[in-house]
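Colleague: Sharing a model that was predicted from the sequence below.
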Amino acid sequence: MRQREADVVEITSQYAKHMSTKEHIVHHAGDPDAWICLCRNEPTDYGFYPCNEQGEEVEPVSGWGGLYVCNRCGRIIHPDTLEVVGKAAGYGNPTPTVS
Ligand SMILES: [Zn+2]
């Protein structure tokens with residue numbers, strides 16, 4: 001089980017490097033915009049939203065890095081490579097609240 005904090009750190013450290021262990025989402029054959037997340041979310045289901053490197057939803061305006069977040073599981077997706085570059089907090093597998 002990977003730690004969420006480690007994923008956040010990897011975003012910047014691995015962004016420009018060769019990646020070997022990163023996840024990639026897929027898309028429907030013949031429609032590169034019809035993404036299918038690893039959690040099975042699709043644009044017509046929960047959808048995907050523009051986000052920053054922390055996975056926080058943002059307006060796709062100047063300064064936006066071009067990333068999208070899966071609105072179901074919180075995976076942060078690079079739209080050109082379909083690579084999962086991180087995981088947003090607050091989606092799926094939430095941090096245990098054991099005190
Ligand atoms: Zn997902």
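Modeller: Perfect, thanks for sending it. What you are looking at is a predicted structure, and each value in this text was computed from that prediction instead of being measured.
Colleague: Quickly list what the residue nearest the centre of the chain is bridged to.
Modeller: By Cα atoms, centre = their mean, the chain has its centre lying nearest to Ile76, at 1.3 Å. Note on Ile76: beta-bridge partners by DSSP bridges are Val69, Gly86.
Colleague: residues touching it, list them.
Modeller: Counting by Cβ atoms under 8 Å, 6 or more residues apart in numbering, Ile76 touches 11, 51, 53, 55, 67-70, 84-88. Quick note: C-beta positions are derived from backbone N, CA and C, even for glycine.
Colleague: 6 Å instead?
Modeller: 55, 67, 69, 85-86, 88 (Cβ atoms under 6 Å, 6 or more residues apart in numbering).
Colleague: Chain neighbours aside, what residue packs nearest to Glu57?
Modeller: Tyr49 (4.8 Å; Cβ to Cβ, 6 or more residues apart in numbering).
Colleague: Who does that neighbour form a beta bridge with?
Modeller: Applying DSSP bridges, one finds that Tyr49 bridges with Val69.
Colleague: Show me where the protein has its helices.
Modeller: With DSSP state H as the criterion, the chain has helices at 4-14.
Colleague: residues in it within reach of the ion, list them.
Modeller: Contacts of the chain with the ion, taken as Cβ under 5 Å from the ion, map to 37, 39, 41, 70, 72-73, 75.
Colleague: can you pick the most crowded of these?
Modeller: Within those, Cys70 tops the neighbour count with 28 neighbours, counted by other Cβ atoms under 10 Å.
Colleague: Now do it against Asn52, distance only.
Modeller: Look at Cys70 and Asn52: by Cβ to Cβ, to the nearest Å, they are 14 Å apart.
Colleague: before we move on, the earlier item: could you dump the residues of the chain next to the ion to CSV with pLDDT?
Modeller: Output for those, formatted as CSV (pLDDT from 0 to 100):
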residue, pLDDT
Cys37, 97
Cys39, 96
Asn41, 97
Cys70, 97
Arg72, 96
Cys73, 96
Arg75, 97
